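**Student:** give me a 3D structure for the following:
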Amino acid sequence: MLNNDEMRSNTQLGTERVGVILRLCAGGIVEGWLARAKQSSELNVVPLNDEQRAVHVPRLVEDMALRLSKSSDAMKDSDAISSTAAVAHGKLRYLQGYTPAMLVDESRILEVTVFGMLHSNLHSLDFSLLLPDVTAIADEVDGQLTQSIGGYMELVKASAAA
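**Tutor:** Alright, predicted model coming up:
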């Protein structure tokens with residue numbers, strides 16, 4: 001792990017990997033996502049407090065950073081990380097009254113927020129790895145969405161069977 005002096009030095013030189021920036025900016029990503037989600041008229045059909053709305057987002061960002069920390073490009077090109085947070089997120093949203101379209105909207109907001117954070121930190125990024133890392137982020141967000149919808153659908157099927 002980098003100490004503060006190394007981090008400042010690397011950041012000034014523009015040599016940080018996207019995963020490092022994700023970890024450093026995770027709190028800001030969650031705050032940005034929450035602000036955008038609270039502005040969404042589609043999502044606000046279901047009244048939730050901030051904690052209820054953002055409960056799984058920190059873990060989803062952590063899962064993205066974890067995938068990006070894999071040393072092998074082959075690992076980054078593989079399927080999304082199995083995310084218990086994504087499955088739990090889908091189940092919770094079903095119980096809260098979300099629709100599948102609302103899950104997709106939340107996922108889109110997360111991706112836009114992460115890419116906005118990267119844009120704000122362009123001066124700190126290692127450009128030689130930026131495109132593969134951004135591709136891995138997009139794939140991870142899509143994988144998380146797939147897993148969230150899977151968790152959601154488990155409860156839909158259970159409800160229909162009851």
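**Student:** distance of Val30 from Leu129?
**Tutor:** 24 Å (C-beta to C-beta, to the nearest Å). C-beta here means a position set from N, CA and C on the backbone, and glycine is covered the same way.
**Student:** verify the stated contact: Val46 with Asp105.
**Tutor:** No: counting by C-beta atoms under 8 Å, Val46 does not reach Asp105; the two are 11.6 Å apart.
**Student:** the two: which is more packed in?
**Tutor:** Asp105 (17 against 14; other C-beta atoms under 10 Å).
**Student:** list the contacts for that one?
**Tutor:** Ser40, Glu42, Leu43 (C-beta atoms under 8 Å, 6 or more residues apart in numbering).
**Student:** longest helix in this protein, by residue count?
**Tutor:** Assignment by DSSP state H gives helix 130-161 as the longest helix of the chain.
**Student:** quick one: that helix to chain centroid distance?
**Tutor:** Its chain's average C-alpha position is 11 Å from that of helix 130-161, according to C-alpha atoms, centre = their mean, to the nearest Å.
**Student:** quick one: Gly116 and Gly97, what's the gap?
**Tutor:** 28 Å.
**Student:** show me which of those two is the more surrounded one.
**Tutor:** A side-by-side neighbour count of Gly116 and Gly97, using other C-beta under 10 Å, places Gly116 first with 15 against 11.
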